[in-house]
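Trainee: The sequence isn't on hand, but the structure is:
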C-alpha cells in the first residue's frame, strides 16, 4: 500500500517567447522559489529534487541538470533527471510523487522547464530518418495528417479547431503567467491566419515559449500541517505504445485509452464527464481537444467535437478544459 | 563601457553511422535494384515495410520475404507551408502517408505531378524512381509519388491505416 502524497506548493514562471532577463538556471529558479514560497518553505526543507525537460537538443545542452544542481539548491542532495520527450512535464511530477508515495523522501521539489529561445526547436525535432529525406516538418507536420484523418472519420464541422483556439486564448487572458495574451482574438482572426500545415492554421498552433513550473510534494504529515490547503494525489498512471505498427489507431491511441481507464479505476471515477470539475490536458494543436475528449473517455468515439461546439469545454461549461489557456497559450515544452 | 554578452551562437551537428541489421540490409539491397522488400509476420500476417526483423504487435521474428508494389493509396496527408532549416522541398508541398499495395504500414513521401489542392485521402499513387545508375541504399531512390490514374480507394479500404 503506497503512502499519501500532498502537493503543498506550486509555482511557475511568467512565460514568454524569449526570457532575455534569465538564463536556464534563472528560469528554473524563478519557478522553484515561487513553489517554495507557496509552501512556506526554504531550500533546507527539501530532501530531493526531480527535474525534467524535453530532448537536450532543444537547447543544445547535454544533461543540463548537472549544472542546474546549484540553482536548484540540491548540492549534497539526491537529484533525478526525467526524460520522456514531450510528455516529460507529467512524467517528472509522477516520478517525484512516487518518491513520496514509496516513503523514500518526505519533501520533494519537482521542476520542469524549457527555454526554447536557446535553439531552433523545429530543426531539433524534424527527424532525419535513416534512408529517407526529411519531409515531416516539425511537430505540426507530424500531427496535421492525423488531424485530417480525425476530421474525415468524425465528420466534424471545419470550425471546431478554430473554436478551441479562440476559447483557450480567451482563457489565457485571465492567466497573468500565460505567454500569449491576444486581447482581440476572434473566430475571424484565427480563420484568416496562415495555413502552416494544412489543415492546421498558425493560430491553431501552440507558441514556442521559455518557462518552467515547480511543485513541492510532501508526505501525509507535511500535507496536514501545510500552511495552505494541500491538493492530494489520488491516482497516477502512465502508458506508451510503439510509434509504428500495423493497425495503430493514431487518432485514438490505445495507450491513452488504457492509461485513462487505469487512472479512473484507482481514483474510483465511473463517469469522467460527471466526476471531474475541470481538466488541464496537453492540447498542442486545437483539434486535439475533441480527439482527447474521446481518448480520455469524456465523449464517445467521433463525438468529442460536439463538446466543443456545445460549449461544454468552455470556462463556464459543464466540463471546462484548459482554463489556464493551456499549451495553446504557453508552451515551454518540458514543463 | 563594454557590451554585455548575453547570447552566442554555436552550431551543432550529429553524424550517424547506421548498422542496419539483417532485415533492413535486405530491404536496402532491394531498393537499390528498384524493388521493395518487406516481411510478413507469421502470426498476424501483416507485412512490414521497411521490415524490422520482428513484429511489434506479436513480438515474434519475421522471416518470410514479401515483395511489395510501388503503387499505393494516400491514407492521409498535410500540405507543408512552413519554411524550416534543413528543408529539401520547395513549399508548399504535400507530405503524404502512403500505404503501398501489399504492405500493412504507411510510409511517408511527397506527392507531385498534381495540384496541391487536388490531393485527397484515397488518391491512388505510383512511385517515381530515380534513374537506376543513380540509386543508392536509400528510400530517396523514390523521388516522389504521382497519381496513378486509378479510381480513388474507398475510405473503408484504408480505415485501419489511419
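Mentor: Here it is on my side, so go on. Remember, predicted model here, so these are calculated numbers, not experimental data.

Trainee: Chain neighbours aside, what residue packs nearest to residue A:331?
Mentor: Once flanking residues are discounted, residue A:331 sits nearest to residue A:206: 4.1 Å by CB to CB, 6 or more residues apart in numbering or on different chains. C-betas here are computed from N, CA, C, even on glycine.

Trainee: Contacts only, for that neighbour.
Mentor: Contacts were defined as CB atoms under 8 Å, 6 or more residues apart in numbering or on different chains; by that measure residue A:206 touches A:284, A:285, A:327, A:328, A:331.

Trainee: give me the number of residues near the residue lying closest to residue A:55 once chain neighbours are set aside?
Mentor: The shortest distance from residue A:55 to any non-neighbouring residue, by CB to CB, 6+ apart, is to residue A:85 (6.2 Å). Residue A:85 has 11 neighbours, counted by other CB atoms under 10 Å in any protein chain shown.

Trainee: Check what pLDDT the one residue in the stretch 1-150 of chain A that gets nearest to chain B gets.
Mentor: Nearest to chain B in the stretch 1-150 of chain A, going by CB to the nearest CB, is residue A:144, at a distance of 3.4 Å. At residue A:144, the model reports a pLDDT of 95.

Trainee: can you pull the contacts of it?
Mentor: By CB under 8 Å, 6+ apart, the contact list for residue A:144 reads A:197, A:198, A:199, A:200, A:285, B:78.

Trainee: Now the two most distant members of these.
Mentor: Pairwise distances across the contacts of residue A:144 peak at 12.4 Å for A:198 and A:285 (criterion: CB to CB).

Trainee: Can you pick out the residue with more neighbours from those two?
Mentor: For residue A:198 and residue A:285, the more surrounded residue by other CB under 10 Å is residue A:285, and the numbers stand at 25 against 20.

Trainee: State the distance from the more buried one to chain B.
Mentor: Going from residue A:285 to chain B by CB to the nearest CB, to the nearest Å gives 11 Å.

Trainee: Quick check on that residue: phi, psi?
Mentor: phi -130, psi 140 (degrees, to the nearest 10).

Trainee: Next: residue B:78.
Mentor: Torsion angles at residue B:78 (phi, psi; degrees, to the nearest 10) stand at phi -140, psi 160.

Trainee: Please tell me I have it right and it contacts residue A:196.
Mentor: No - here residue B:78 does not reach residue A:196: they are 9.3 Å apart, not a contact under CB atoms under 8 Å.

Trainee: ok so, going back, report the spatially closest residue to the residue of the stretch 1-150 of chain A closest to chain B, excluding sequence-adjacent ones.
Mentor: The shortest distance from residue A:144 to any non-neighbouring residue, by CB to CB, 6+ apart, is to residue B:78 (3.4 Å).

Trainee: The one you found pairs with what?
Mentor: Beta-bridge partners recorded for residue B:78 (DSSP bridges): residue B:95.

Trainee: that older thread, ok, of the contacts of residue A:144, which one's closest to residue B:54?
Mentor: Once CB to CB is applied, the member of the contacts of residue A:144 that ends up nearest residue B:54 is residue B:78, at 30.0 Å.

Trainee: Neighbours of residue A:180, how many?
Mentor: 22.

Trainee: residues in contact with it?
Mentor: By CB under 8 Å, 6+ apart, the contact set of residue A:180 is A:169, A:172, A:207, A:325, A:328, A:329, A:330.

Trainee: do the same with residue A:82
Mentor: Applying CB under 8 Å, 6+ apart to residue A:82 gives the contacts A:50, A:51, A:52, A:88, A:91, A:92, A:95.

Trainee: Could you list which of those residues belong to helices?
Mentor: Applying DSSP state H to the contacts of residue A:82, the entries found in helices are A:88, A:91, A:92, A:95.

Trainee: Narrow the residues you listed to just the buried residues.
Mentor: With burial judged by 16 or more other CB atoms under 10 Å in any protein chain shown, the buried subset of the ones in helices among the contacts of residue A:82 is A:88, A:91, A:92, A:95.

Trainee: Report pLDDT for the last one.
Mentor: Same thing as residue A:95. Confidence for residue A:95, expressed as pLDDT, is 98.

Trainee: these two touch, right, it and residue A:51?
Mentor: No - with contact defined as CB under 8 Å, residue A:95 does not count as touching residue A:51 (9.9 Å).

Trainee: Now the common contact residues for the two.
Mentor: By CB under 8 Å, 6+ apart, residue A:95 and residue A:51 have these common neighbours: A:80, A:82, A:110.

Trainee: In the sheet, which residues pair with the second one? Tell me.
Mentor: To tie it back to what came earlier, the one meant is residue A:82. Counting by DSSP bridges, residue A:82 is bridged to residue A:52.

Trainee: Need the phi and psi values for residue B:100.
Mentor: Torsion angles at residue B:100 (phi, psi; degrees, to the nearest 10) stand at phi -70, psi 150.

Trainee: thought it was touching residue B:47?
Mentor: No - Residue B:100 lies out of contact with residue B:47 (CB under 8 Å); the separation is 9.2 Å.

Trainee: Now residue 26: which helix or strand?
Mentor: Looking at chain A here, since you left the chain open. Assigned by DSSP states H and E, residue A:26 falls within helix A:24-39.

Trainee: wrong one, I was asking about chain B
Mentor: In this structure, residue B:26 sits in helix B:22-32 according to DSSP H and E.

Trainee: quick one: that helix to chain centroid distance?
Mentor: How far helix B:22-32 lies from its chain's middle: 15 Å, per CA atoms, centre = their mean, to the nearest Å.

Trainee: is chain A contacted by the following helix or strand past that helix?
Mentor: Counting by DSSP H and E, the element after helix B:22-32 in chain order, helix or strand, is strand B:36-40. No - between strand B:36-40 and chain A, judged by CB under 8 Å from any CB of the partner chain, nothing touches; the nearest distance is 10.6 Å.

Trainee: for strand B:36-40, what is the average pLDDT?
Mentor: For strand B:36-40, the mean pLDDT works out to 96.

Trainee: and chain B, what are its domains?
Mentor: Annotated domains of chain B cover B:19-68, B:70-162 [automatic domain parsing].

Trainee: For those domains, give me CSV that also has distance to residue A:245.
Mentor: Below are these laid out as CSV (distance: least, CB to CB, whole Å):
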stretch, distance to residue A:245
domain B:19-68, 4
domain B:70-162, 7
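
Trainee: so which of those domains gets nearest residue A:320?
Mentor: Taking CB to CB, domain B:70-162 is the member of the domains of chain B nearest to residue A:320, at 29.7 Å.

Trainee: can you pull out the strands in chain B?
Mentor: Assigned by DSSP state E, chain B shows strands spanning B:36-40, B:47-48, B:64-68, B:71-80, B:93-100, B:107-111, B:124-129, B:142-147.

Trainee: Mean pLDDT lowest where, among those strands?
Mentor: When the strands of chain B are compared on average pLDDT, strand B:107-111 comes out lowest at a mean of 91.

Trainee: Say whether chain A is contacted by that strand.
Mentor: Yes - looking at strand B:107-111 against chain A by CB under 8 Å from any CB, the contacts come from B:108, B:109, B:110.

Trainee: Turn these into CSV, columns for distance to residue A:137 and neighbour count.
Mentor: CSV is the format used below for these (distance: CB to CB, whole Å; neighbours: other CB atoms under 10 Å in any protein chain shown):
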residue, distance to residue A:137, neighbour count
B:108, 11, 18
B:109, 14, 26
B:110, 12, 21
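
Trainee: so which of the residues you listed would you say is closest to residue A:304?
Mentor: Of all the residues of strand B:107-111 next to chain A, residue A:304 sits closest to residue B:108, with 26.5 Å by CB to CB.
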